[in-house]
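Undergrad: fold the following and give me the result.
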Amino acid sequence: MQSKTYTAQPISVEVLPPTENFTRADIEFHGVDHSGASFEGRVFLNNPDANEDTEKTPGNGYAGSFHIFGHGGCYGDVGHCEIHAEPRAYDPRPSHMLTPVKKVVTATEAVRRAIAEGKDIEVTVVPVITGLTEQTDTDDVLKFDHLSIVNYK
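TA: Residues are numbered from 1 along each chain as shown. Got it, this is the predicted structure:
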């Protein structure tokens with residue numbers, strides 16, 4: 001089952017020649033919500049029409065996947081699933097179990113191919129639901145704050 005696809009506006013990427021100079025490129029998703037359904041986030045570059053039937057091949061712009069083991073909704077009392085503010089410095093308690101996470105897709109070759117195609121890179125994420133409960137939303141499982149494309153020399 002596929003949820004709503006996320007397609008970013010094309011991101012203009014400035015890479016100074018030679019473009020092969022970086023040794024690794026990551027696509028980072030910051031603040032990913034994992035309170036709902038479990039899913040695989042299939043990441044495609046410069047393929048806004050990608051869907052769950054799109055083959056995961058370099059020719060289709062496939063960059064890699066990340067997986068979310070969702071919590072399936074909230075079954076606790078009122079306030080149980082509310083995420084509290086950031087912990088104070090030196091606070092040894094673990095963060096709240098639903099604190100958003102960071103997911104990283106190492107996509108070196110896919111980023112190189114996208115850069116070779118042109119200056120803009122369009123990121124499309126196809127969330128394919130792998131597990132859910134009656135309390136989970138199936139229309140909008142992928143929620144995150146922002147994404148970055150980072151390369152390393």
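Undergrad: once you drop chain neighbours, what's closest to Arg113?
TA: Closest residue in space to Arg113, ignoring its immediate chain neighbours: Pro58 at 6.6 Å, by CB to CB, 6 or more residues apart in numbering. In short, each C-beta sits where N, CA and C put it, glycine included.
Undergrad: mind pulling up the pLDDT for the one you found?
TA: The per-residue pLDDT reported for Pro58 equals 96.
Undergrad: for it, phi and psi?
TA: phi -60, psi -40 (degrees, to the nearest 10).
Undergrad: now do the SS call for the residue positioned nearest the centre of the chain.
TA: Nearest residue to the geometric centre of the chain (CA atoms, centre = their mean): Phe29, 4.5 Å. Per DSSP: H, G, I helix; E, B strand; the rest coil, the local secondary structure of Phe29 is strand.
Undergrad: and what of the one 5 residues further on?
TA: Secondary structure assignment for His34 (three-state DSSP): coil.
Undergrad: so it makes contact with His96?
TA: No: the criterion here is CB atoms under 8 Å, and His34 misses it with His96 at 11.7 Å.
Undergrad: which of these two has more neighbours?
TA: Set His34 next to His96 and count neighbours by other CB atoms under 10 Å: His34 wins out with 19 against 13.
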